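Engineer: My questions are about this predicted structure, shown below with the sequence.
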Amino acid sequence: MKQATKIADKAVLLDYYRQMVQIRVFEERAAEQYMLGKIRGFLHLYIGEEAIAAGAISALGPQDYLVTHYRDHGHALARGLEPKVIMSELFGKVTGSSKGKGGSMHLFDASRRLAGGYAIVGGQLPIAAGLALASSLQHTDDIVLCFLGDGALNEGEFHESMNLASLWRLPVIYFCENNLYGMGAPVEEMVAAPEIHRIAEAYNMPSQRIDGMDVLQVHEITSEVVQHVRDGNGPYFVEAMTYRFRGHSMADPVNYRQKEEEEKWMAKDPISTYKAWLIQSDIASKEELDVVNQAVELEIEEAVELADQSPFPPPEALYEDVYAQS
Amino acid sequence: MADISYRDAVTIALREALREDDRMFIMGEDIGLYGGPYAVTKGFVEEFGRERVIDTPISESAMVGAGTGSAMGGMHPVVEIMTINFTLLAMDQIVNHAAKLRYMSAGQYTVPMIIRTVTGGGAQLAATHSQSLEGWFASVPGLKVVTPATPYDALGLFRSVRNEQDPVIFVEHILLYSTRGEVPDDHYLVPLGKADVKRRGDDLTLVAYSRMVQVALDAAEELAGRGINAEVIDLRSLRPLDIGTVVESVKRTGHAIVVEEAWRTGGFGAEIASQIQEQAFDHLDAPIGRVAGAEVPTPYSQPLEMLAIPSLESVVAAVESALGR
Ligand SMILES: Cc1ncc(C[n+]2csc(CCOP(=O)(O)OP(=O)(O)O)c2C)c(N)n1
Ligand SMILES: [Mg+2]
């Protein structure tokens, strides 16, 4: 575990813990509700990757943009969206972040500058460049943090966006969550240059590979990268090594991975390792952390209840927001 | 006779093709190790090896382009695009290249390629994953578009598609995979460009393709209880299009309603309606009706999604209004 050199504040350290637990519990409850048929369609869980959302998104300012893919609940929670708003969206209810019309893969919250979950692999990458372009054309110092999976590297849009961002020195961070698989496809069989971060060199873009299971390392490095980009030095590429503990989606029985590999990664569980570190370093007691867990459990339970009790959108909502209302 | 699922039918067709045609290979995302996103190619790697069942990176444009090039070079590729929504990333390769190479080279190069893909909504996959875009491809000269609605047609049409010398988009529907039907044990073909009368009736003609055939049949059953006998015609392929069977039916019934899942504006149903009025205008007792998808990006929320996709109820309502009931 990275030493918390620059973060002395206990409240901050505890909040990373809370965020990761919140994501974990949210995803577990969402999976249960999926099995009950309350949530339908695709549901992609973020379990195992929590350190990235908690560590990286906490490095942003409130005016910075966040753009991501369809595995987006963790990112949305870390950006401060309320669990009940996301859960309601998953239930397809009016109380959801897009009034039930976008669903799990398409979460948005303009008030927090969450500019979307995108479900077409790679589709978010040029859009993130465009948000960064808007920022530079308007001479603000807002930057864009854009997540992508290792699978997105193989779309043409990735390469086009990397070139554009670097050529125009756009204030965007492309943050690759390398969880070693795109659906059932192992990254080393799909990407010709599996040291993903080095692909950025070809675009003359600085990059580095980090440990995506260590929330403090993710936070510290992302904070430096955010500063670098905000200072007008152009885009940056980060590759965080991580692992999704569950299937690609709820429909995936995960029969393409080896048990030993899964066990190796689960031993690095970002929450239990961080919890152990907090206790060992005398930053928090087990009891204090249990209180955090209990509060989160309650919060998510209430989120499920609200989602369940809220109404579905009315029929007239079908035609709303296709165009500006005249 | 065997009772098989639509999924089984496609699996059987593909397996047959790989066994019989050594120029044939298949490539797509997660079709090998994973067994196919809809489990169509389960066990294929074990039987045919990784050289003929190729897992590709998530690179739709390159996949289709490489399929095209391999076809020009003497292979017979089946390229699987996981869903029709993702064909949008390969639109350039399909429309600008694959569809035009024979013509632009005056027949010196040909592209005998099959693109398999999955269309349709109704699975609550929201706006980016629920579209029915097959009609777009059907408007492109140089492409053929095949849209089976039953296991029998899926197997028989795929066999015919294998004999095609030009690019074919073979469109399966996401909600049809688990539906079942009878197929003969003996070898048979279903030709392209031959519509099928799936139900006989004299009062009006329902024209549909893909999953909407089932919706039309269900509606016809309901209408029969109300004393209305609807004929249901399954187009089976959009290009080539068998308008003759439709026209012949409409001349007899005097009423036509076209049912499609795609958006109404510019939908393939407009082409059908137009050709019916060109060829059977004097026989029509009422304007041609259309039932189509709501003109919105498909919403996730279940009750809204149900409103967006044609249903038994919306077809019945359209029929009753056309017949003035
Ligand atoms: C253009 C496109 N092709 C295919 C898909 C289907 N698909 C959804 S997620 C996915 C795998 C993506 O893997 P990765 O980028 O590594 O992200 P992860 O799921 O591992 O977080 C695929 C193939 C899609 N949504 N969009
Ligand atoms: Mg991945």
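Structural biologist: The structure has been received and is ready for your questions. Computed from a prediction, not measured in an experiment: that's the story for all the values here. Ligands and ions are numbered 1, 2, ... in the order given.

Engineer: Mind jotting down where the strands sit in the stretch 201-325 of chain B?
Structural biologist: Ranges of strands in the stretch 201-325 of chain B, per DSSP state E, counting those that start in this stretch, are B:204-208, B:230-234, B:237-239, B:256-263, B:289-293.

Engineer: what would those strands look like in TSV with distance to residue B:54, mean neighbour count and mean pLDDT?
Structural biologist: Where you see a C-beta, it was placed from the backbone N, CA and C, and this is true even at glycine. Converted to TSV, the strands of the stretch 201-325 of chain B look like this (distance: least, C-beta to C-beta, whole Å; neighbours: other C-beta atoms under 10 Å in any protein chain shown; pLDDT from 0 to 100):
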stretch	distance to residue B:54	mean neighbour count	mean pLDDT
strand B:204-208	35	29	98
strand B:230-234	33	26	99
strand B:237-239	27	26	98
strand B:256-263	31	26	98
strand B:289-293	34	22	98
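
Engineer: Can you give me the pLDDT of residue B:324?
Structural biologist: With respect to pLDDT, residue B:324 scores 89.

Engineer: still on that earlier bit, out of the strands of the stretch 201-325 of chain B, which is closest to ligand 1?
Structural biologist: Taking C-beta to the nearest ligand atom, strand B:256-263 is the member of the strands of the stretch 201-325 of chain B nearest to ligand 1, at 20.0 Å.

Engineer: Can you check what angle separates that closest one from strand B:230-234?
Structural biologist: If you take axes from the mean of the first three to the mean of the last three C-alpha atoms, to 10 degrees, strand B:256-263 sits at 50 degrees to strand B:230-234.

Engineer: before we move on, back to that, want to try JSON lines for the strands of the stretch 201-325 of chain B, with distance to residue B:163 as columns?
Structural biologist: Converted to JSON lines, the strands of the stretch 201-325 of chain B look like this (distance: least, C-beta to C-beta, whole Å):
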{"stretch": "strand B:204-208", "distance to residue B:163": "26"}
{"stretch": "strand B:230-234", "distance to residue B:163": "21"}
{"stretch": "strand B:237-239", "distance to residue B:163": "14"}
{"stretch": "strand B:256-263", "distance to residue B:163": "27"}
{"stretch": "strand B:289-293", "distance to residue B:163": "33"}
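
Engineer: CSV please, covering these and showing distance to ligand 1.
Structural biologist: CSV is the format used below for the strands of the stretch 201-325 of chain B (distance: least, C-beta to the nearest ligand atom, whole Å):
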stretch, distance to ligand 1
strand B:204-208, 28
strand B:230-234, 29
strand B:237-239, 24
strand B:256-263, 20
strand B:289-293, 21
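
Engineer: Helix, strand, or coil at the nearest residue to residue B:307 once chain neighbours are set aside?
Structural biologist: Nearest residue to residue B:307, sequence neighbours excluded (C-beta to C-beta, 6 or more residues apart in numbering or on different chains): residue A:318, at 5.3 Å. When classified by DSSP: H, G, I helix; E, B strand; the rest coil, residue A:318 comes out as helix.

Engineer: what's the closest non-adjacent residue to residue B:286?
Structural biologist: residue B:322 (5.1 Å).

Engineer: Would you enumerate the residues in contact with the one you found?
Structural biologist: B:204, B:255, B:257, B:286-287, B:289 (C-beta atoms under 8 Å, 6 or more residues apart in numbering or on different chains).

Engineer: at 7 Å what do you get?
Structural biologist: For residue B:322, the contact set (C-beta atoms under 7 Å, 6 or more residues apart in numbering or on different chains) comprises B:204, B:255, B:257, B:286, B:289.

Engineer: now do residue A:234
Structural biologist: Applying C-beta under 7 Å, 6+ apart, we find residue A:234 in contact with A:166, A:169-170.

Engineer: can you check residue A:210 too?
Structural biologist: A:217-218, A:221, A:238, A:240.

Engineer: and if you look at residue B:89?
Structural biologist: Residue B:89 is in contact with A:155, B:60-61, counting by C-beta under 7 Å, 6+ apart.

Engineer: at 10 Å what do you get?
Structural biologist: A:120-123, A:155-157, B:58-64, B:81 (C-beta atoms under 10 Å, 6 or more residues apart in numbering or on different chains).

Engineer: which among the contacts of residue A:210 gets closest to residue A:105?
Structural biologist: Distance to residue A:105, by C-beta to C-beta, is smallest for residue A:240 among those, at 21.0 Å.

Engineer: did I read that right, that closest one in a helix?
Structural biologist: No: applying three-state DSSP, one finds residue A:240 to be strand, outside a helix.

Engineer: Run a quick neighbour tally on it.
Structural biologist: Other residues near residue A:240 number 27, with proximity taken as other C-beta atoms under 10 Å in any protein chain shown.

Engineer: isn't it right up against residue A:207?
Structural biologist: No: contact criterion C-beta atoms under 10 Å: residue A:240 and residue A:207 do not qualify, at 11.4 Å.

Engineer: residue nearest the centroid of the chain?
Structural biologist: No chain in the question, so chain A it is. In chain A, the centroid-proximal residue (C-alpha atoms, centre = their mean) is residue A:75; its distance is 3.2 Å.

Engineer: how close does the closest residue to that residue other than its chain neighbours sit to residue A:155?
Structural biologist: In this structure, residue A:75 finds its nearest non-sequential neighbour in residue A:68, 4.6 Å apart by C-beta to C-beta, 6+ apart. Using C-beta to C-beta, to the nearest Å, residue A:68 is found at 15 Å from residue A:155.

Engineer: Of these two, give the one with the bigger neighbour count.
Structural biologist: Neighbour tally, residue A:68 and residue A:155, criterion other C-beta under 10 Å: the higher count belongs to residue A:68, 28 against 24.

Engineer: Show me the beta-bridge partners of that one.
Structural biologist: residue A:117 (DSSP bridges).

Engineer: residue contacts, it?
Structural biologist: A:53, A:57, A:74-76, A:79, A:107, A:114-118, A:124, A:128, A:145-149, A:175, A:177.

Engineer: Out of these, which sit inside helices?
Structural biologist: A:53, A:57, A:74-76, A:124, A:128 (DSSP state H).

Engineer: Identify the farthest-apart pair in these.
Structural biologist: Farthest apart among the ones in helices among the contacts of residue A:68 by C-beta to C-beta are A:74 and A:128. That separation is 17.7 Å.

Engineer: For whichever residue of chain B sits closest to ligand 2, grab the count of nearby residues.
Structural biologist: Going by C-beta to the ion, ligand 2 is nearest to residue B:58 of chain B, at 9.8 Å. By other C-beta under 10 Å, the residues close to residue B:58 number 25.

Engineer: Residue B:152 should be in a helix, yeah?
Structural biologist: Yes: under three-state DSSP, residue B:152 sits within a helix.

Engineer: mind listing what residue B:132 touches?
Structural biologist: Residue B:132 is in contact with B:84-85, B:119-121, B:147, B:171, B:173, B:209-212, B:260-263, B:267-268, B:292-293, B:298, B:309, counting by C-beta under 10 Å, 6+ apart.

Engineer: before we move on, the earlier item: now, which of the contacts of residue B:322 sits nearest residue B:70?
Structural biologist: Closest approach to residue B:70 among these (C-beta to C-beta): residue B:257, at 42.5 Å.

Engineer: Show me the residue sitting in the middle of chain B in space.
Structural biologist: Note: chain B centre (C-alpha atoms, centre = their mean) maps to residue B:147, 1.9 Å.

Engineer: dump the residue contacts of that one.
Structural biologist: B:119, B:132, B:134-135, B:138, B:153-154, B:157, B:169-173, B:208-213, B:234-239, B:268.

Engineer: so of these, which ones are in helices?
Structural biologist: B:134-135, B:138, B:153-154, B:157, B:211-213, B:268.

Engineer: Show me which of these is closest to residue A:30.
Structural biologist: Here the nearest of the ones in helices among the contacts of residue B:147 to residue A:30, counting by C-beta to C-beta, is residue B:211; it sits at 28.9 Å.

Engineer: tally of neighbours for the nearest residue to that closest one once chain neighbours are set aside?
Structural biologist: Excluding the flanking residues, the one nearest residue B:211 by C-beta to C-beta, 6+ apart is residue B:173, at 4.4 Å. Neighbour count of residue B:173, defined by other C-beta under 10 Å: 27.
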